[in-house]
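Peer 1: prediction below, plus the sequence it came from.
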Amino acid sequence: METPAIRLTGLRKSFGGVEAVAGVDLEIADGEFFSMLGPSGSGKTTVLRLIAGFELPTSGVVELAGADVTRRAPFERDVNTVFQDYALFPHMDVIDNVEYGLKIRKVGRRERRERAEAALAAVRLEGYSHRRPGQLSGGQRQRVALARALVNRPKVLLLDEPLGALDLKLREEMQLELKQIQRQVGITFVFVTHDQQEALTMSDRIAVFNAGRIEQVGTPAEVYDQPGSAFVAGFVGTANVLRDKVARAVLGEDGCFAIRPEKIALGGPAGSGPAGFGPAELGEAAPDDVTATGRVVEAVYAGATTRFVVRLDAGSPDSTAQLVALQQNLRTSSVDVQSYRDTPVTLRWRREHAIRLPD
Amino acid sequence: MNLSPAARWLLRGAMALGLAFIYVPLAIVLINSFNADRTFAWPPPRWTTDWWARAWDNEGARAALLTSVKAGLGATVVALVLGTMIAFAVQRYRFFGRETLSLLVVLPIALPGIVTGIALDTAFRTVVAPLGVGKGLLSVVIGHATFCVVVAYNNVLARLRRTGASLEEASADLGASTFQTFRYVTFPLIRSALFAGGLLAFALSFDEIIVTTFTAGAGTRTLPLWIFDNLFRPNQAPVINVVAAVLIVLSVIPIYLAQRISADTASGGRL
């Protein structure tokens, strides 16, 4: 196998007795767009800082392209970082910021200027060379930070929640742009985020962090469709978890299962209900499908979809298991939502969409 | 908050009165330096620049001015070097006794000057003098530095707190060694804070009299000491008035500059 761009072995880091990183083993391939996803305090940023060299691990090894760099200073590592707060030098204008790394590496003045201008063009910031960072918007600063890192052509680019400070619209634009830039330059991106949607849309692979450990590593589809633990199922998207008595009653199996809301078809009672909410919505049942019945507790209109919270009949009255089902608003509309409440419904999903989780 | 017109005028009046108490006497000193009457008759019967010429020719005043400048520069340099180093230690590192250190550095500015003076005097006479170093300019510089460190420390600390450590990390990340990071990033960012702190330190040292009284050797006369020595000689009164006027002007400049620079944010600093 090819030497990975990054290899972490038995990585641990404690801050005054608190273990922020509690044993991480990870290999990231050359040219991969790799996301580290997790809630705040899960250790993902600390792992990034360990790779960059801003922190020294309590134990474990950091390898870059096969070389052990665990004890090396940040300036001796061939990685560059895009910081969460961008960390642009406020006393330099944009072009000097971008040229900084090249100047330190004693690249000639002309080549430096050419490469910096090319990098600014790549992030669509031509003509901003002589602005100060203080005169730029958040999105522009973000792109300067990106250009400042990319101009050095590092083997690995580390990004610490770089889109966190941007508003939704800009964030979605930058997600696409980042992905395009990564494809063009072909270098390894390690992207830290707490936004599961961001991780799912951008990454080749995702590592899901929880309490200083990696819960699961996989492609977005693997992590989403085959969550390896209840934590992953709950953190990456929404998941319904069925266990114990309810699982036995509904699925006929013992154990713990996760079902994604959008995999569940939902149909109201025949005749009475509004359009688009009848039994016809369930479609034809395949032989192996799972069917359950319940009562709508809450229906929330969310534009493209309607979110149903259904209390399952199974296991009641002493169990109050609820399922969330997501329905595309093909025919239903916001006007109808109120009338769904408290109606009896039938739920149906394919058996393979109930994923068994380790207990 | 909305104030009634009466209250507004009352507050304005109080403000004007308060400022008048501070600045009218100073203005009188300035005006009297041109008052031709030896006993400062008011209003001045005639004007003259004679006192300024005499003050300029006064050997004692000029020597004292030079001593004051030397002491001020010395104390400023010591304060900047030590203050900056302590500010870095306190702001960038976590260690046992950090809070205590911070308090100990700031404390001397609050200590009564007479206490600092007596303590330093004792220390110089009993500890340093036997080593062959008597009281003189050096002891004044050290005495002034004890409280000048505070202003340098506070200015640099505030700046470091505002700029944060991520700029230095970014610099290291882009390949800069520790020294290069200091030269290209850290120093330019704290430069204006150093300048402001330095000006304040110099101004503090320049008009200090209590600590100076206790730390100056017999032959060391700073300008405030010289003024004090000559205060009760009627002949010297007009000259002292001129020196006082000079001191007013000289103190306004650094304080004004320091305020301007401190108001400048780290991002907009031109210095």
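Peer 2: Sure, I can see it. Here the structure is a predicted model, which is why all the values come from computation and not from measurement. Numbers count the residues shown, from 1 in each chain, chains lettered A, B, ... in the order given.
Peer 1: how many neighbours does residue B:137 have?
Peer 2: For residue B:137, the neighbour count with other C-beta atoms under 10 Å in any protein chain shown is 17. Any C-beta I mention is one placed from the backbone N, CA and C, and that applies to glycine too.
Peer 1: so what's it up against?
Peer 2: For residue B:137, the contact set (C-beta atoms under 8 Å, 6 or more residues apart in numbering or on different chains) comprises B:67, B:70, B:71, B:74, B:217, B:220.
Peer 1: and it, how far from chain A?
Peer 2: Distance from residue B:137 to chain A, counting by C-beta to the nearest C-beta, to the nearest Å: 37 Å.
Peer 1: what residues does the stretch 101-250 of chain B put near chain A?
Peer 2: Applying C-beta under 8 Å from any C-beta of the partner chain, one finds that the stretch 101-250 of chain B approaches chain A through B:163-164, B:166-167, B:169-177, B:180, B:184-185, B:188-189.
Peer 1: from those residues, which land in strands?
Peer 2: Assigned to strands by DSSP state E, none of these qualify.
Peer 1: pLDDT below threshold where in the chain?
Peer 2: You didn't pick a chain, so chain A it is. A:1, A:271-276, A:315-320, A:332-334, A:359 (pLDDT under 70).
Peer 1: um, chain B though
Peer 2: Applying pLDDT under 70 to chain B flags the ranges B:262-271.
Peer 1: ok, longest helix in it?
Peer 2: Taking DSSP state H as the criterion, chain B has its longest helix at helix B:59-92.
Peer 1: which among the residues of the stretch 101-250 of chain B next to chain A end up buried?
Peer 2: Buried residues within those, defined by neighbour count using 16 or more other C-beta atoms under 10 Å in any protein chain shown: B:163, B:166-167, B:169-176, B:180, B:184-185, B:188-189.
Peer 1: nearest spatial neighbour of residue A:293, skipping sequence neighbours?
Peer 2: Leaving aside its chain neighbours, residue A:293 sits nearest to residue A:313 (4.8 Å; criterion: C-beta to C-beta, 6 or more residues apart in numbering or on different chains).
Peer 1: which residues does the one you found contact?
Peer 2: Residue A:313 is in contact with A:292, A:293, A:294, A:295, counting by C-beta under 8 Å, 6+ apart.
Peer 1: which residues does residue A:266 contact?
Peer 2: Counting by C-beta under 8 Å, 6+ apart, residue A:266 touches A:281, A:282, A:308, A:310, A:325, A:327, A:345, A:346, A:347, A:348.
Peer 1: part of a strand, is residue B:116?
Peer 2: No: Residue B:116 sits outside any strand when classified using DSSP: H, G, I helix; E, B strand; the rest coil, being helix.
Peer 1: ok, it touching residue B:145?
Peer 2: No: using C-beta atoms under 8 Å, residue B:116 makes no contact with residue B:145, being 11.2 Å away.
Peer 1: the more surrounded of those two?
Peer 2: Using other C-beta under 10 Å, the more surrounded residue of residue B:116 and residue B:145 is residue B:145, with 24 against 19.
Peer 1: and the more buried one, what element?
Peer 2: Using DSSP states H and E, residue B:145 sits in helix B:137-163.
Peer 1: ok now that helix, how far from the chain's centre?
Peer 2: How far helix B:137-163 lies from its chain's middle: 10 Å, per C-alpha atoms, centre = their mean, to the nearest Å.
Peer 1: wait, isn't residue A:152 in contact with residue A:100?
Peer 2: No: with contact defined as C-beta under 8 Å, residue A:152 does not count as touching residue A:100 (9.2 Å).
Peer 1: ok, back up a step: among the contacts of residue A:313, who's most crowded?
Peer 2: residue A:294 (23 neighbours).
Peer 1: residue A:253 versus that one, what's the distance?
Peer 2: Counting by C-beta to C-beta, to the nearest Å, the gap from residue A:294 to residue A:253 is 19 Å.
Peer 1: same check on residue B:105?
Peer 2: 69 Å.
Peer 1: give me the more crowded residue out of the two.
Peer 2: When residue B:105 and residue A:253 are compared for neighbours, residue B:105 comes out ahead with 21 against 12, by other C-beta under 10 Å.
Peer 1: mind listing what the more buried one touches?
Peer 2: By C-beta under 8 Å, 6+ apart, the contact list for residue B:105 reads B:83, B:86, B:149, B:150, B:153.
Peer 1: count of residues packed around residue 138?
Peer 2: You didn't say which chain, so I picked chain A. 13.
Peer 1: you looked at the wrong chain, it should be chain B
Peer 2: The burial count assigned to residue B:138 is 17, neighbours taken as other C-beta under 10 Å.
Peer 1: what sits closest to it if chain neighbours are left out?
Peer 2: Nearest residue to residue B:138, sequence neighbours excluded (C-beta to C-beta, 6+ apart): residue B:74, at 7.9 Å.
Peer 1: can you check residue B:79 too?
Peer 2: Excluding its sequence neighbours, the residue lying closest to residue B:79 (C-beta to C-beta, 6+ apart) is residue B:148, at 3.7 Å.
Peer 1: from residue B:77, how far out is the one you found?
Peer 2: Residue B:148 sits 10 Å away from residue B:77, going by C-beta to C-beta.
Peer 1: tell me which of those two has more neighbours.
Peer 2: residue B:148 (32 against 17).
Peer 1: from what I can see the more buried one touches residue B:75, true?
Peer 2: Yes: counting by C-beta under 8 Å, residue B:75 is a contact partner of residue B:148 at 4.8 Å.
Peer 1: overlap in contacts, the two.
Peer 2: What both residue B:148 and residue B:75 touch, as defined by C-beta under 8 Å, 6+ apart, is the set B:201, B:205.
Peer 1: residues near the residue of the stretch 101-250 of chain A found nearest chain B, how many?
Peer 2: Residue nearest to chain B within the stretch 101-250 of chain A: residue A:101 (3.7 Å; C-beta to the nearest C-beta). When neighbours are counted by other C-beta under 10 Å, residue A:101 registers 27.
Peer 1: any idea how chain A splits into domains?
Peer 2: Domain assignment for chain A, taken from automatic domain parsing, gives A:6-235, A:256-357.
Peer 1: just those: most buried one?
Peer 2: domain A:6-235 (a mean of 19; mean count of other C-beta atoms under 10 Å in any protein chain shown).
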